[in-house]
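**Q** Below are the sequence and a predicted model; questions follow.
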Amino acid sequence: MEQITIKANVKASAKKVWELWTNPKRIVKWNTASDKWDTPRAENDLRVGGRFLSRMEAKDNSFGFDFTGTYDEVGPLKRIAYTMEDGRKAEIDFKENQGNTEIITVFDAESQNPIDMQRDGWQAILDNFKHYTENNKS
């Protein structure tokens, strides 16, 4: 199975990045690949064996799906690893350096969509997170 890597360098502390990345009230604000999509609901039981869910919906109501999985590893402020509902794996590392946090996500590609499309979609969500975090003053 091919793996895809995406990255972003966020101008925020690992503590702030972690809070905005893991809090369901925050996830619904940034978890979208474009302005044509929305995440109206998110749940997050952030512990090994805990489950997460993000409901993703097209704003024109043409399509929607639940992005779900189970946590395999939770290292606060440092690392999250999970298994998606279809058995694919993802790992996210948070590396703070001088007040900035690099986020590196490696995930198993699925077989239904082209690799570039998957990389671009996940990168768009990560870029949206970066924008949300850097512009969030709380």
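**A** Alright, I've got the coordinates.
**Q** Got the confidence number for Thr83?
**A** pLDDT recorded at Thr83 is 98.
**Q** right, I mislabeled it, should have said Ser138
**A** For Ser138, the model assigns a pLDDT of 64.
**Q** what does the lengthiest strand in the chain rub up against?
**A** Looking across the chain with DSSP state E, the single longest strand is strand 64-75. Residues from elsewhere that reach strand 64-75 (Cβ atoms under 8 Å, 6 or more residues apart in numbering): 45-58, 79-85, 89-91. To be clear about C-beta, it is placed using only N, CA and C from the backbone, and glycine gets the same treatment.
**Q** cool, stretch 7-22 as well?
**A** The contact list for stretch 7-22 (Cβ under 8 Å, 6+ apart) reads 26-27, 30, 44, 46, 76-78, 80, 94-96, 99-105, 123, 126-127, 129-130, 132-134, 136.
**Q** Which members of these occur in strands, if any?
**A** Counting by DSSP E, the part of these found in strands is Asn44, Ile80, Phe94, Lys95, Glu96, Asn100, Thr101, Glu102, Ile103, Ile104, Thr105.
**Q** Around the fifth one, how many other residues sit close by?
**A** I take that to be Glu96. Counted with other Cβ atoms under 10 Å, residues neighbouring Glu96 total 18.
**Q** What's the separation between the residue nearest to it when sequence neighbours are not counted and Asp127?
**A** Of all residues not flanking Glu96 in the chain, Ala14 sits nearest, at 3.8 Å (Cβ to Cβ, 6 or more residues apart in numbering). Between Ala14 and Asp127 the computed distance is 19 Å (Cβ to Cβ, to the nearest Å).
**Q** So between these two, which is more surrounded?
**A** Under the criterion of other Cβ under 10 Å, the comparison of Ala14 against Asp127 puts Ala14 first, with 21 against 14.
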